[in-house]
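Enquirer: My questions are about this predicted structure, shown below with the sequence.
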Amino acid sequence: MGADIKSLRTRIRSVDSTLHLTRAMGLVASSKIRRATQNMNKSREYTAAMDEVMDQLRAAPECAKSPYMAARGAGTRLIVIAGDRGLAGGYNANVFRLAATEPDALVIPIGKRACDRFSGGFPSSERFTGEDARKLAEEQCSAFLAGEFGRLGILYTRYQSMMTQVAEIKWVLPLTPEAGGKTVSAVFEPDERTVLDAAVPTCVAGILAACVRESFASEVAARRMAMDSAGKNAQDMIDRLQLQYNRARQNSITQEITEIVAGSGL
């Protein structure tokens, strides 16, 4: 009986340590959520304004001749954005599961977990800057024009809510003609195609930066929910173990009293 009590006490301490860890990680995630979502919303506003201009450019007949409007080479490059850490539920697993649907793609990883799985890349999604996005976008646009590959995608996690984040691929190159007969309502100087060709690297950089920020917001939200769930499970386990411990102690005390009473009767 004494061994059972000691074992239960050890298990309670172990689960309690896990509970403190999950609470600490949950608090860290909570402290990052507000800034992460603010940055994500700003990026969404920027890309929405940029998309409106790009839609007009893609609708211009002259832009159909742009080298960005058609693949000049073969193969796929995929920028894969994952987290810097684990313990975020299915966040990283969902990213890698979707990446596996493009087995022939050349992967450019962003985030430590992605760099651990693939080679090269940028080891931190949290510290990925606008300058990093600009350099990477310019490199990929130049490689696309040189015919080194025919399609460029960004695998990121779209933030829907604190409860839901969805991994998806945004295809950015080649550009697709604007559907629906949209008319050009602005005047571009010197002409639409020149502006489009000059704007594409900036557009790709903006999309990339927005995807990284959205992925990071999804990561901290997923980690917060995962830690809340883990903390609740740990507390439930402690409650059950504590109940077993109390019963074991009660049985032990009862047994000791019985032995004392029996001994005194002799």
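Expert: Received the coordinates, thanks. Residues are numbered from 1 along each chain as shown.
Enquirer: Please, where are all the strands along the stretch 151-266 of the chain?
Expert: With DSSP state E, counting those that start in this stretch applied, the stretch 151-266 of the chain shows strands at 151-159, 165-173, listed in chain order.
Enquirer: now the ones you listed as JSON lines including mean pLDDT, distance to Ala217 and mean neighbour count?
Expert: All C-beta atoms are positioned from the backbone trio N, CA, C, and that covers glycine. Formatted as JSON lines, the strands of the stretch 151-266 of the chain follow (pLDDT from 0 to 100; distance: least, Cβ to Cβ, whole Å; neighbours: other Cβ atoms under 10 Å):
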{"stretch": "strand 151-159", "mean pLDDT": "98", "distance to Ala217": "5", "mean neighbour count": "23"}
{"stretch": "strand 165-173", "mean pLDDT": "97", "distance to Ala217": "8", "mean neighbour count": "18"}
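Enquirer: Would you format those as TSV with distance to Glu62 included?
Expert: TSV is the format used below for the strands of the stretch 151-266 of the chain (distance: least, Cβ to Cβ, whole Å):
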stretch	distance to Glu62
strand 151-159	23
strand 165-173	19
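Enquirer: Quick one: closest of the ones you listed to Val212.
Expert: Closest of the strands of the stretch 151-266 of the chain to Val212 is strand 151-159, at 7.2 Å (criterion: Cβ to Cβ).
Enquirer: can you give me the angle that closest one makes with strand 165-173?
Expert: Interaxial angle, strand 151-159 versus strand 165-173 (axes from the mean of the first three to the mean of the last three Cα atoms, to 10 degrees): 150 degrees.
Enquirer: How many neighbouring residues does the closest residue to Leu145 other than its chain neighbours have?
Expert: Nearest residue to Leu145, sequence neighbours excluded (Cβ to Cβ, 6 or more residues apart in numbering): Pro67, at 5.5 Å. Neighbourhood size, Pro67 [other Cβ atoms under 10 Å]: 16.
Enquirer: is it true that Pro67 touches Asp197?
Expert: Yes. Between Pro67 and Asp197 there is a contact at 7.3 Å, judged by Cβ atoms under 8 Å.
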